[in-house]
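Undergrad: Return a 3D structure for these sequence lines:
(2 chains)
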Amino acid sequence: MRTNEVVIEKVKIWLQENGKSHQWLAEELNISKALVGHMLSGNRTIQPKRIPELAKVLGMSVNELMEDSSLNSKRLVVQLRGTTSNRRSKQEVQELLFVIEDYLGLKRGQTNGS
Amino acid sequence: MGKRMDRKKQAEAVAEAFAADFLAETTASAIFIGSHIERILASKANVIYQYVEDPTYYGAAVSHESGTQFIALNTFHSLRVRYFTAAHELWHLSEASQLQDEHFDHERAADRFAAAIMLPKAIMKDLWLQFKKLYEPKESVILIADFSEVPYEAVVRRLKELGISLSGISFTEEEWKNERVKLDLSESTLDVSQRLERFTAYERVVEEALENGVVDSLGASHKLKKYNSQLAKKLQEQEMKRVAEAEQHET
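TA: Okay, the predicted model is just below:
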């Protein structure tokens, strides 16, 4: 996935999960609603200077915003038992995956080092 | 519709057969496995205990392309439900689950497998015959649920699967707790959740990384904050002491 697509996907999901509109995002970024629409539909490439601004508004680091999570999901196959029905529990599952990735990274480091 | 039913039946039959093999290999005699299921699970995968305040979330199975498996259990649920979830997840880790084709109904099989290993056919039938003479059906369900450490609803479903008729007995887990009170039975600790957040394998690798200098005390403390807060606090205090001593040394 290209960076522009990754960012668009993340922003769209975030807006949906947090119940925020294009209008809200436009006001936060101090740009027009039309421009937000063009950006999120992929008609207009997101300018590099907008990335840190978007990350700030979404409360993410620039890395988190640009990281292609589809690459991670290829390495980890996740099967939920039940469903996550609130924002907090969705976040808990995401955090669990980060910790598992971290565990695997540290484990790999130890295996390579030994 | 017919095809869907066949698939469910096929999944149940396969799960029941593999459960019998599993029990023959795992337990020396016919017993209820109960809480021991978590030990069995831990011998096959990295178990992670999470506390997530969401009644619809029971846990997750995560597998890495290297073959490493992780099973998360949500400790928000009662102990009974947690043990049953562990048994359900065991199906997904079993060789039996790998042998099935893509059309196989794994969720159905996992539930049947869990019921079959937690509530073995032979013991269930014997117990039911015994209890029938002594207690009313609702009380018998509660007693079996306590012995086997599984949810009440799972006991009722299992008895029905084994051909035992239970007309008019259909309650949610919450309602079963009320039934206990009505029948003057004492409360059960199995109906309570045991808040627990633990990922033992992660604790070990973080400690090893700290010993090898891959992470510093503060980094390790941050990583362990959720899963071992006591150790995280100790590491943080050590680091603060080290910094204070270094400052004193400089002045």
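
Undergrad: Burial check on residue A:33, number of neighbours?
TA: Counted with other CB atoms under 10 Å in any protein chain shown, the neighbours of residue A:33 add up to 14. The C-beta positions use only the backbone N, C-alpha and C, and glycine is treated the same way.

Undergrad: residues in contact with it?
TA: A:22, A:23, A:26 (CB atoms under 8 Å, 6 or more residues apart in numbering or on different chains).

Undergrad: which among those end up buried?
TA: Buried members of the contacts of residue A:33, counted by 16 or more other CB atoms under 10 Å in any protein chain shown: A:22, A:26.

Undergrad: What parts of chain B come near chain A?
TA: B:46, B:48, B:50, B:52-54, B:56-66, B:68, B:70, B:72, B:74, B:85, B:88-89, B:92, B:199, B:201-202, B:205-206, B:208-209, B:212, B:214-215, B:223, B:226 (CB under 8 Å from any CB of the partner chain).

Undergrad: okay, residue B:29: pLDDT?
TA: We note a pLDDT of 68 for residue B:29 in this prediction.

Undergrad: quick one: least confident helix or strand in chain A?
TA: helix A:69-75 (a mean of 59; mean pLDDT, DSSP states H and E).

Undergrad: Following element in sequence after that one, please.
TA: Later in the chain than helix A:69-75, the nearest helix or strand by DSSP states H and E is strand A:76-82.

Undergrad: What pairs with that next one, parallel or antiparallel?
TA: strand B:57-64 (antiparallel) (DSSP bridges).

Undergrad: Quick one: mean pLDDT for the partner strand?
TA: 93.

Undergrad: That strand: which residues count as buried?
TA: Across strand B:57-64, burial judged by 16+ other CB under 10 Å covers B:57, B:58, B:59, B:60, B:61, B:62, B:63.

Undergrad: Quick one: those as a markdown table, columns for distance to residue A:42 too.
TA: Below are the buried residues of strand B:57-64 laid out as a markdown table (distance: CB to CB, whole Å):
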| residue | distance to residue A:42 |
| --- | --- |
| B:57 | 33 |
| B:58 | 37 |
| B:59 | 37 |
| B:60 | 32 |
| B:61 | 34 |
| B:62 | 31 |
| B:63 | 33 |
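
Undergrad: Now do the lengthiest helix in chain A and strand B:57-64, the angle between them.
TA: Using DSSP state H to define each element, chain A has its longest helix at helix A:87-113. On the basis of axes from the mean of the first three to the mean of the last three CA atoms, to 10 degrees, helix A:87-113 is oriented at 30 degrees to strand B:57-64.

Undergrad: Which other helices and strands does helix A:87-113 contact?
TA: Secondary-structure packing of helix A:87-113 (3 or more CB pairs under 8 Å, 6 or more residues apart in numbering or on different chains; DSSP states H and E): strand A:76-82, strand B:46-50, strand B:57-64, helix B:200-211.

Undergrad: Among the ones you listed, which comes closest to residue B:10?
TA: strand A:76-82 (20.4 Å; CB to CB).

Undergrad: Can you name the residue of chain A nearest to chain B?
TA: residue A:89 (3.7 Å; CB to the nearest CB).

Undergrad: I'd assumed residue B:58 was in contact with that residue.
TA: No. Taking contacts as CB atoms under 8 Å, residue A:89 lies outside contact range of residue B:58: 11.0 Å.

Undergrad: would TSV of the helices and strands packed on helix A:87-113 with distance to residue A:30 be doable?
TA: TSV is the format used below for the helices and strands packed on helix A:87-113 (distance: least, CB to CB, whole Å):
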stretch	distance to residue A:30
strand A:76-82	38
strand B:46-50	40
strand B:57-64	38
helix B:200-211	42
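
Undergrad: I'd like to know which of these lies nearest to residue B:23.
TA: strand B:46-50 (20.7 Å).
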